[in-house]
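*Asks:* prediction below, plus the sequence it came from.
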Amino acid sequence: MQQIEKHACFGGWQEVWTHESHLLNCPMRFAVYLPPQAKERKVPVLYWLSGLTCTEQNVITKSGIQRYAAEHGIMIVAPDTSPRGESVADDAAYDLGQGASFYLNATQSPWCNHYQMYDYILHELPRLITTHFAANERKSISGHSMGGHGALVLGLRNPNDYVSVSAFSPIVSPSQVGWGQKAFTAYLGDDRAAWQQYDAVALILQGHDKKAFLVDQGLDDPFYAEQLCTQNIENACQQMHIDAQIRYHAGYDHSYYFIASWIEDHVAYHAKQLQRSIE
Ligand SMILES: N[C@@H](CCC(=O)N[C@@H](CSC=O)C(=O)NCC(=O)O)C(=O)O
């Protein structure tokens, strides 16, 4: 583990670290915000998964999440969005390869050598965080767009690992839309049953988990109708009697300006659930 950034921030520290990932088979970066409370005790962790083309930097430089993490005493961990490096398979397009992992475990060559982000987020990264930082075992997960998809899938499939789940502008039905179909074909091949394991709406309809979650979606988001299809998750939740909060916001787009406008609510949502989990 090597520290590559450290900045004082709202009484705590914003840090960026690199480490050798044995699952991803390459060096990985992650950002960690240590709230002031972490100087005195172990605190719960909110994992944040960013979207296509992003790195660990987007959420820490654009969302303002640290102010609310400091208020609630929550550590924020934001990994890079994919394995990277010259030896890591890539594609010239922005929606495949490096920066576009879709947070799954690839089964197809050449991707499977490095693209094991599902296991990295679920197992390797939390182990590293609890070993090296003042983090307790309680964790929640959130993310944006491709990262919102990752957060929903990880949360739905692992309800005992994540206390709460939220998402901004998530790709809720990747197996039904262009971004997801392109990535799933490359990473998972033609096995549609494998696709369903990484599709939040399919998982809900399979009855995976009944826990409530929070989703925010901008109505001026250029990807809303074609790639995100938020209505699909609303319908699935109604059908399965899941009490999800799915909020639509007129005038907001897909950017981090949207995320910055509502991130306070997401951190408060997770803080409440994380607190409840120990009462
Ligand atoms: N064609 C665009 C697409 C990139 C983009 O919009 N990325 C979003 C996430 S999209 C879904 O996962 C993003 O978060 N961008 C970074 C940011 O800081 O806004 C392009 O290549 O630019």
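*Replies:* Perfect, thanks for sending it.
*Asks:* any idea how far the residue of the stretch 101-250 of the chain found nearest the ligand lies from residue 216?
*Replies:* Per C-beta to the nearest ligand atom, residue 145 is where the stretch 101-250 of the chain lies closest to the ligand, at 2.8 Å. No exception for glycine: its C-beta is placed from N, CA and C like everyone else's. Computed with C-beta to C-beta, to the nearest Å, the distance linking residue 145 and residue 216 is 12 Å.
*Asks:* enumerate the residues of the stretch 51-200 of the chain near the ligand.
*Replies:* Residues of the stretch 51-200 of the chain that fall close to the ligand, judged by C-beta under 6 Å from any ligand atom: 51, 52, 53, 54, 58, 62, 94, 144, 145, 146.
*Asks:* can you rerun that using 5 Å?
*Replies:* Remark: the part of the stretch 51-200 of the chain in contact with the ligand comprises 51, 52, 53, 54, 58, 94, 145, 146, using C-beta under 5 Å from any ligand atom.
*Asks:* where does pLDDT dip in the stretch 1-150 of the chain?
*Replies:* Low-confidence segments of the stretch 1-150 of the chain (pLDDT under 70): none present.
*Asks:* which parts of it are helices?
*Replies:* Using DSSP state H, counting those that start in this stretch, the helices of the stretch 1-150 of the chain run over 57-62, 65-72, 117-119, 125-132, 146-157.
*Asks:* tell me the most buried of those?
*Replies:* helix 146-157 (a mean of 28; mean count of other C-beta atoms under 10 Å).
*Asks:* and it, how far from the chain's centre?
*Replies:* In this view, helix 146-157 has its centroid 6 Å away from the chain centroid, taken as C-alpha atoms, centre = their mean, to the nearest Å.
*Asks:* got a list of contacts for the helix or strand just after that helix?
*Replies:* On the C-terminal side of helix 146-157, the closest following helix or strand by DSSP states H and E is strand 166-168. Residues outside strand 166-168 that contact it (C-beta atoms under 8 Å, 6 or more residues apart in numbering): 140-145, 147-149, 151-152, 213-217, 258-259, 262, 266, 269-270.
*Asks:* what is the distance between strand 166-168 and the centre of its chain?
*Replies:* Taking C-alpha atoms, centre = their mean, one finds strand 166-168 lying 8 Å from the centre of the chain it belongs to.
*Asks:* buried residues, the helix or strand following that strand. List them.
*Replies:* Heading C-terminal from strand 166-168, the first helix or strand you meet, by DSSP H and E, is helix 178-188. For helix 178-188, a neighbour-count test (16 or more other C-beta atoms under 10 Å) marks 179, 180, 182, 183, 184, 186, 187, 188 as buried.
*Asks:* angle of helix 178-188 against helix 146-157?
*Replies:* 60 degrees (axes from the mean of the first three to the mean of the last three C-alpha atoms, to 10 degrees).
*Asks:* mean confidence (pLDDT) on helix 178-188, please.
*Replies:* Averaged over helix 178-188, pLDDT sits at 98.
*Asks:* helices or strands up against it?
*Replies:* Using 3 or more C-beta pairs under 8 Å, 6 or more residues apart in numbering; DSSP states H and E, the elements in contact with helix 178-188 are helix 192-196.
*Asks:* beyond the helix it packs on, next helix or strand please.
*Replies:* helix 200-205.
*Asks:* quick revisit: what's the closest of the residues of the stretch 51-200 of the chain next to the ligand to residue 11?
*Replies:* residue 58 (22.9 Å; C-beta to C-beta).
*Asks:* what residues are up against the closest residue to that closest one other than its chain neighbours?
*Replies:* In space, residue 58 comes closest to residue 50 once its chain neighbours are excluded; the distance is 4.9 Å by C-beta to C-beta, 6 or more residues apart in numbering. Applying C-beta under 8 Å, 6+ apart, we find residue 50 in contact with 56, 58, 59, 78, 81, 143, 144, 146, 147.
*Asks:* for the residues of the stretch 51-200 of the chain next to the ligand, work out which two are farthest apart.
*Replies:* Every pair of these checked by C-beta to C-beta; the farthest is 58 and 94, at 14.0 Å.
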